[in-house]
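*Asks:* fold the following and give me the result.
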Amino acid sequence: MSLTPDQENEVRVRIIAQFGEENVMQMDKYFMELYDLQFGCADSYIFLEKVREKYTATDPNLLCAAILFGMKRGEVAYECHIQQMEQERKQIPGYE
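*Replies:* Numbering: from 1, shown residues only. Next up, the predicted model:
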């Protein structure tokens, strides 16, 4: 379930209003770093270990970025699940 461009803009404005533009830019940087880091991981445990190794200081912006990263991953996983279910339904005789 993806956002429309108008919804994305609304969310962007709300996030900037809540956290400030500088923090949002930092969160975006963290998000992209986490996204890149995830590609080299076979599973979530390896990913978490790499995150712990890379980011040794506690930073609230990192926590926000991690939450946003998890939300996006969940959204993508949900969309894949729905598509898979739809494909399975189409294979059922009489499904229209």
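*Asks:* packing partners for the helix ranked longest in the chain?
*Replies:* Identified as the longest helix of the chain according to DSSP state H is helix 60-90. Other helices and strands packing on helix 60-90, by 3 or more C-beta pairs under 8 Å, 6 or more residues apart in numbering; DSSP states H and E, are helix 21-39. (C-beta placed from N, C-alpha, C; glycine too.)
*Asks:* helices or strands up against the helix or strand following the helix it packs on?
*Replies:* Following helix 21-39 in sequence order, the next helix or strand is helix 44-54 (DSSP states H and E). Judged by 3+ C-beta pairs under 8 Å, 6+ apart, helix 44-54 is in contact with helix 21-39.
*Asks:* tell me the SS of the residue at the greatest distance from the centre of the chain?
*Replies:* Each residue of the chain has a distance to the centre, and by C-alpha atoms, centre = their mean the biggest one is for G94: 36.9 Å. Under DSSP: H, G, I helix; E, B strand; the rest coil, G94 falls in the coil class.
*Asks:* from now on call the first residue 405
*Replies:* With the count now opening at 405, the last piece we talked about shows up as G498.
*Asks:* do you know how far it is from I486?
*Replies:* 21 Å (C-beta to C-beta, to the nearest Å).
*Asks:* do the same with A469
*Replies:* 26 Å.
*Asks:* and these two? Which one has more around it.
*Replies:* Taking neighbours as other C-beta atoms under 10 Å, A469 and I486 compare with A469 leading, 22 against 11.
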